[in-house]
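> predicted model, plus sequence, below.
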Amino acid sequence: MRGKARNYKKNQIEPDPKYNSTQVAKFINQLMRRGKKSTAQKIVYAAFAICEVKLKKPAVDIFETAISNSCPQLEVRSRRIGGATYQVPMEVKRDRQQTLAMRWIIQAARDRQGSQMADYLAQELMDAAQNIGAAVKKKQEMHKLAEVNRAFAHYARL
């Protein structure tokens with residue numbers, strides 16, 4: 001390992017008030033813009049309500065399924081070796097998997113144009129829970145890219 005070993009203290013996050021889930025709280029924080037947490041909470045809770053009505057399952061179960069279906073196991077990282085830059089496939093840690101999945105779901109919902117963010121977020125969560133949708137497609141693209149660059153996997157251990 002280069003440099004000094006770093007001991008980072010992970011920031012503990014408070015669970016959200018309605019579902020008492022730290023994962024939902026992280027999702028709300030990722031959705032939040034300009035510090036408007038109450039607005040982000042309203043959007044997420046409205047999206048969860050829509051999901052519950054349409055799929056007739058608990059919203060947290062739908063949410064957790066959507067996140068787990070969107071979590072990438074592999075990603076490629078650029079690695080400069082001897083003047084050449086290679087796309088090296090690497091395994092993704094659990095926290096980063098969840099962060100990427102949340103980011104992709106939120107981005108896919110934002111990319112849908114129109115009026116109500118809660119509707120688009122609900123649709124994206126339901127799609128991801130059923131293994132379709134933009135976030136799952138992004139995961140599959142990342143896995144394909146890692147598979148294509150599998151020849152450079154031995155550079156990951158340097």
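In hand now; what should we look at?
> when you work out contacts or count neighbours from here on, use the C-alpha atoms and nothing else.
Fine.
> which parts of stretch 24-43 are buried?
Neighbour-count burial for stretch 24-43 flags 24-29, 31-32, 40-41, 43 (criterion: 16 or more other C-alpha atoms under 10 Å).
> among those residues, which two are most distant?
The widest separation within those, taken as C-alpha to C-alpha, falls between K26 and I43 and amounts to 13.9 Å.
> which of the buried residues of stretch 24-43 sits closest to R110?
So of the buried residues of stretch 24-43, ranked by how close each gets to R110 (C-alpha to C-alpha), first place is L31, at 9.7 Å.
> wait, doesn't the closest one sit right on K42?
No - between L31 and K42 there is no contact, the gap being 10.9 Å when judged by C-alpha atoms under 8 Å.
> which one of the buried residues of stretch 24-43 sits closest to A101?
A101 lies nearest to F27 out of these, by C-alpha to C-alpha, at 9.8 Å.
> closest one of the buried residues of stretch 24-43 to N7?
K26 (22.4 Å).
> what's the helix or strand for that closest one?
K26 is located in helix 22-31, with elements delineated by DSSP states H and E.
> also T85?
Assigned by DSSP H and E, T85 falls in strand 84-91.
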